[in-house]
Every structure is written in C-alpha cells, then in structure tokens.
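Engineer: Here you go, sequence then predicted model.
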Amino acid sequence: MRLIDTHTHLDFPDFDADRDAVLERSRALGVERMVVLGVHQANWQRVWELVERSDGLYAAFGLHPVYLEEHRPEHLQELRDWLERLGSHPSCCAVGEFGLDYFIESLDRNAQQKLFEAQLALAAEFDKPVLLHVRRAHAATIATLKRFRLPRAGIVHAFAGSTEEAREYLKLGFRLGLGGASTWPQAQRLRSVVAGLPLDAVVLETDSPDMAPAMHPQQRNSPEYLPQICGELATLMGVDSDTLAAASSANACALFGWY
C-alpha cells in the first residue's frame with residue numbers, strides 16, 4: 001500500500017522528541033509522502049528546514065485564520081516573498097493552510113475574509129493549489145471560490161460538510177481531505193456523506209498531531225496511523241484498502257503535479 005498524507009503539522013513541538021522515528025515508522029508502513037503546512041509567519045522557516053532535511057516531505061505556506069491575531073499586514077508580503085523564492089522548488093507544493101473559521105466566534109469575519117481572498121489571489125498568481133481550513137463556513141467559502149475560480153483548485157481539509165456542499169466543491173475542482181474524524185462511529189452524518197463520495201473526490205490526511213482516529217483515542221495523531229484510517233474509510237466507502245489508497249494517492253499526485 002502506497003499512501004500520501006496530504007495534511008500534517010510535523011513541525012509542531014509535539015514531535016520534537018521522536019520526529020525521525022515517526023517518519024521512519026510512517027515510511028515503513030507505506031506513507032511515502034507527507035505535506036507539512038505552515039500556519040503563521042513564525043513557523044514557515046521551521047517547516048522549510050524540516051522539509052529540506054527529510055525525504056518525502058513537502059511544504060505549504062499560509063496564514064491560518066485561527067492565528068488571526070498574530071498575523072500582520074506585512075506577513076502577506078512576506079508570504080509573497082516566500083512564494084517568489086520557493087514557488088518553483090519541487091518541495092513547495094501549495095499555499096496553505098488558510099481559510100475561514102466561523103466556529104470560533106471571536107475571530108473577526110471581515111478580517112478573515114480579506115486574508116482569505118488575499119491568499120487565494122497569491123495562489124492564482126503563483127499557480128499553486130490551496131489547502132483550505134473551513135469550519136462552519138462552507139457557504140462563504142464556496143461563494144468566494146466561485147468568484148476566484150482557481151485553475152489549480154486544491155483540498156478542503158478535514159471536510160465535514162453536507163453532500164450538497166461536497167458537490168459544490170467538486171464542481172470547482174476541489175478534493176475533499178478525509179482523516180480521523182470520519183473514523184468515529186458517533187460521526188454518523190459525516191460518515192453517511194463519506195460513504196457516498198466518489199473515489200476521485202478524496203485525498204487522505206491525518207492533521208497530525210491533531211484529530212486522532214477512533215482507533216487511537218486521546219493520543220497524538222501521526223502519519224503512521226494513515227493506513228488504519230484508510231482501512232476504516234475504505235470499508236465505509238465499500239471498497240478495499242488498496243483501492244482507496246491508490247485512488248487517494250493518484251488524486252493527490254494530480255493535484256500537486258507529482259508524476
């Protein structure tokens with residue numbers, strides 16, 4: 001089984017004690033490529049240094065809405081500078097993580113929207129796919145994406161929307177990132193949506209160290225759990241694990257231009 005983890009935060013301090021061992025175990029289990037996402041200006045360099053020294057890791061850089069209070073206007077210019085410098089590097093695969101978060105009510109929605117649109121514009125300018133964080137903001141996100149019509153589209157990370165919302169994203173060329181949340185039996189609505197998705201719609205992810213799957217409750221999530229996540233979601237979608245692994249990896253490769 002060959003797998004791609006399209007969403008990790010392997011640079012986070014949660015992995016400082018055993019990061020190399022985690023990578024080794026993950027690769028041994030067939031997780032051949034992992035995307036590490038920057039979330040604010042202060043961690044981009046750490047992400048890039050990790051990616052440069054580790055085979056099979058790829059970087060994305062963005063300004064995450066949850067860190068809205070940390071972002072400064074000049075950080076958008078710095079993001080542009082990073083994309084100008086590294087956008088053509090084979091290890092720089094996307095713009096992200098960024099998006100809209102309406103779950104945290106204290107986050108200013110107008111400020112989020114401006115930051116969201118500015119990063120979509122950068123992705124279009126530098127011909128990069130986007131890796132999107134969307135929490136309780138699907139309607140606003142879809143409406144914005146319809147205006148931008150990104151040529152490379154991207155991934156809606158940790159998709160937890162409805163079947164209708166899934167269809168709208170798919171029409172726009174997006175893939176839906178599925179991970180640990182869909183493995184929990186109590187997530188009945190999400191599991192019913194996932195069960196009806198076509199194979200060409202999905203990519204697999206862990207969001208390590210967050211969003212641990214049901215088989216590893218209350219633990220640090222890790223790319224090494226991706227084969228188990230794949231197995232659970234394959235059963236849900238009515239296919240075998242190898243079929244889902246091959247489809248999700250092919251979808252990720254097409255999106256990122258890995259041939």
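Structural biologist: Looks like it arrived, so ask away.

Engineer: Could you pull out the helices in the chain for me?
Structural biologist: 19-28, 44-53, 73-86, 109-125, 138-148, 163-171, 188-195, 226-237, 241-256 (DSSP state H).

Engineer: quick one: which of those helices is nearest Cys93?
Structural biologist: helix 241-256 (4.7 Å; CB to CB). Using the backbone N, CA and C atoms, a C-beta is placed for each residue, glycine as well.

Engineer: So which elements touch the top strand by length along the chain?
Structural biologist: Using DSSP state E, we find that the single longest strand of the chain is strand 92-101. Here strand 92-101 touches strand 31-37, strand 57-61, helix 73-86, helix 109-125, strand 130-135, helix 138-148, strand 154-157, going by 3 or more CB pairs under 8 Å, 6 or more residues apart in numbering; DSSP states H and E.

Engineer: Mean neighbour count, these: which tops it?
Structural biologist: Sort the helices and strands packed on strand 92-101 by mean neighbour count, taking mean count of other CB atoms under 10 Å, and strand 154-157 sits at the top with a mean of 28.

Engineer: mind saving the C-alpha coords of it as PDB?
Structural biologist: The C-alpha coordinates for strand 154-157 follow below in PDB (Å, rounded to 0.1, in the frame of the first residue of the first chain):
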ATOM      1  CA  GLY A 154      -7.000  22.400  -4.000                       C
ATOM      2  CA  ILE A 155      -8.100  20.500  -0.900                       C
ATOM      3  CA  VAL A 156     -10.800  21.200   1.600                       C
ATOM      4  CA  HIS A 157      -9.000  19.900   4.700                       C
END
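
Engineer: Not counting it itself, show me its contacts.
Structural biologist: For strand 154-157, the surrounding residues in contact (CB atoms under 8 Å, 6 or more residues apart in numbering) are 6-7, 94, 96-97, 99, 123, 129-134, 141, 169, 174-177, 203, 205, 207, 255.

Engineer: strand partners of it, parallel vs antiparallel please.
Structural biologist: In the sheet, strand 154-157 lines up against strand 130-135 (parallel), strand 175-178 (parallel) (DSSP bridges).

Engineer: bridging residues for Asp101?
Structural biologist: Here Asp101, judged by DSSP bridges, has bridge partners Arg135.
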